[in-house]
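Q: Sequence first, predicted model second:
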Amino acid sequence: MTAISVITAPGIKDSWLDYTVRLMSHLSGLNLQLVTASETPIEGPRLYYGVRPEKSGMPFIPRCPGYAPGQMRFVPLDCGESGMQEVLVYSDTLNETGNGIDLLFNLFAYASCLEEWEHERRSGPVHSYALRLKGDGRRFDRPYANYIALALRRLIDQAFPGVCPPASAAGAICLTHDIDVVDKALVTRLKEGVFRLFNAGRSMATGRPSMAVDTLVSAWRLATSREGYFHLETIAALEARHGFVSTFNVFTRQRPGSVSGFLLRAIFDPPYDLARHPRLVAALKRLAARGHEIGIHFAFDAWRDAESMQAERQVAEGILKTGSIVSARQHWFRFSLADTWQAQQQAGIEVDATLGFTDRPGFRAGLASPFHPYDHATGKALDMVAIPTVLMDTHLYYYGNLSVAKRRKTVRHLLGEVGAVDGEACVLWHTHVFSADHGWGEDYEALLGMMGVLNLESRLVREGLGGPEKLPGPPGSCEVQAALGAA
């Protein structure tokens, strides 16, 4: 593949910039090489970043690596085969003369969750809730980081026809299932009952009395029925009809180290013990034999505890004996940019599917692609891979309280966005929601059908390891403020 020189001024090969150029290479399908003017080959295509081209007609990106949180605006970008797109960028990254946008810094701000990182440094992690983040929430609506990469690819293609290799393969969805409930327990009735009563009130307040009545009826059914919640084989059979396989994330119960830990786990953790559930063990072994993946679903309070994570993973491997478990998702999406991925990596996890929100669908890092997360503390990429989760069943029901038509529209939009950028992202449908208490299986079947219509492939989470090229940062560290300095 032809190397394309990204020329920057001497002395400003920041860690964030090196990381971003490597990530841009992966997302755009180009071979970008960050160099200074003195290091630039005599021949070959080039892109100037913050350095004025010696010849007219050479592609140029202004260097404006700064931003005011929440100050964003839409700009039209030519994204090649994806057409003209209105892309949300930081206002301060637009060149004062109107001559371009700092595509590289915008990509970094999205992919590194820069606004969230700054919030976490000041106020602690938001864990799974977008509602706790300030700023422009529209930045989560679409995979804007991918569109930025496509815009840069188009810029190169226009300046150097024939240099860009053919577009990558079709987009893909990682179908995932967190096993939160296998038998109907009191804690399940209580937690889900609260959600349904709350949504009944929301429906009444928004002028939807018939939906409120339906929700109250479902809450009563949930509280009184003896409906079974063991539906792993049902899910696998449904996916097999579409030629798909999926990833099932299983929980392993550990002994808490304190009274507070005991209370947290009693309230929030899945109410089962893999070691004492032979039916679940047998079902997971059958699924693994058919090509499904078994991942680990870490405990609610394990989000920064590498020792606990490693113990949970090893217990699951020892019980199931289906091979190494390399992928994970944190229970309740409990997550910290500063701690969770680092702890997972220490615990032997190679692919994570936690990057998403509990309270809304969308693209938490503006990405619909596997990538190596950026460690703000060290200025380097982590060895492990993250795959964003863009949709969860409860987004449509408990949090969104959407009608059937709006649920299908939301699913179609998110799948369409992944397909439009030839991306890859996770979808989460819990195993117990195929019960009559929920009846959410119909929407999942509709989702599988939409994947076929949109030519989206199905991939296992662990297959994300074969995707992005490793994106190591240079030695040393890079504080966030280095990315916010003057050009």
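A: Structure's in. What do you need?
Q: Buried residues, stretch 365-380. List them.
A: Of the residues in stretch 365-380, those scored as buried under the neighbour-count criterion (16 or more other Cβ atoms under 10 Å) are 365-376, 379-380. For every residue, glycine as well, the C-beta is placed using N, CA and C.
Q: Contacts only, for Arg202.
A: Each residue near Arg202 by Cβ atoms under 8 Å, 6 or more residues apart in numbering is listed here: Asn401.
Q: going forward can the numbers begin at 140, since that is how I track them
A: All set: I'll call the first residue 140, so the last point we hit is now Arg341.
Q: Quick check: buried residues in the helix or strand containing it?
A: Secondary-structure element containing Arg341, defined by DSSP states H and E: helix 325-344. Of the residues in helix 325-344, Thr327, Arg328, Glu331, Phe334, Arg335, Asn338, Ala339, Ser342 count as buried by neighbour count, 16+ other Cβ under 10 Å.
Q: Isn't Asp408 up against Gln393?
A: No - taking Cβ atoms under 8 Å as the definition, Asp408 is not a contact partner of Gln393, at 9.2 Å.
Q: Now for those two: what residues contact both?
A: Where contact means Cβ under 8 Å, 6+ apart, the residues bridging Asp408 and Gln393 through contact with each are Ala438.
Q: Do you know the pLDDT at the residue positioned nearest the centre of the chain?
A: Centroid-nearest residue in the chain, with Cα atoms, centre = their mean: Pro527, separated by 1.3 Å. In the predicted model, Pro527 carries a pLDDT score of 98.
Q: rewinding a little: what does the helix or strand just after the helix holding Arg341 contact?
A: Per DSSP H and E, helix 325-344 leads on to helix 348-363 as the next helix or strand towards the C-terminus. Helix 348-363 is touched from outside by 328, 331-332, 335-336, 338-340, 342-343, 366, 540, 542, 575-576, with contacts defined as Cβ under 8 Å, 6+ apart.
Q: which one among those residues gets closest to Phe474?
A: Using Cβ to Cβ, Glu331 comes nearest to Phe474 of the contacts of helix 348-363, at 22.5 Å.
Q: Quick one: residues contacting that closest one.
A: Taking Cβ under 8 Å, 6+ apart as the definition of contact, the neighbours of Glu331 are Leu361, Asp576.
Q: That one and Lys323, how far apart?
A: When distances are taken as Cβ to Cβ, to the nearest Å, Glu331 and Lys323 turn out to be 10 Å apart.
Q: anything in contact with each of these two?
A: Common neighbours of Glu331 and Lys323, using Cβ under 8 Å, 6+ apart, are Asp576.
Q: Tell me, how many residues neighbour the closest residue to Ala375 other than its chain neighbours?
A: In space, Ala375 comes closest to Leu426 once its chain neighbours are excluded; the distance is 5.9 Å by Cβ to Cβ, 6 or more residues apart in numbering. Residues near Leu426, counting by other Cβ atoms under 10 Å, number 22.
Q: Check Ile488 too.
A: Using other Cβ under 10 Å, Ile488 has 25 neighbouring residues.
Q: I'd say it and Leu521 touch.
A: No - contact between Ile488 and Leu521 fails when scored by Cβ under 8 Å: they sit 10.6 Å apart.
Q: in the stretch 290-439 of the chain, which spans are helices?
A: Per DSSP state H, counting those that start in this stretch, the stretch 290-439 of the chain carries helices over the ranges 325-344, 348-363, 371-380, 398-407, 417-428.
Q: What of the stretch 490-626 of the chain?
A: Counting by DSSP H, counting those that start in this stretch, the stretch 490-626 of the chain has helices at residues 532-533, 543-559, 580-592, 619-622.
Q: Same list (the ones you listed) but as TSV, adding mean neighbour count, mean pLDDT and distance to Asn234.
A: TSV is the format used below for the helices of the stretch 490-626 of the chain (neighbours: other Cβ atoms under 10 Å; pLDDT from 0 to 100; distance: least, Cβ to Cβ, whole Å):
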stretch	mean neighbour count	mean pLDDT	distance to Asn234
helix 532-533	20	96	42
helix 543-559	18	98	27
helix 580-592	17	98	40
helix 619-622	15	34	17
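Q: Low-confidence bits of the stretch 290-439 of the chain, can you list those?
A: With pLDDT under 70 as the threshold, the stretch 290-439 of the chain has low-confidence stretches at 334, 395-401.
Q: what kind of secondary structure is His266 in?
A: Using DSSP: H, G, I helix; E, B strand; the rest coil, the three-state assignment for His266 comes out as coil.
Q: can you pull the contacts of it?
A: His266 neighbours (Cβ under 8 Å, 6+ apart): Trp442, Trp471, Phe472, Arg473, Phe474, Ser475.
Q: Brilliant, that's me finished.
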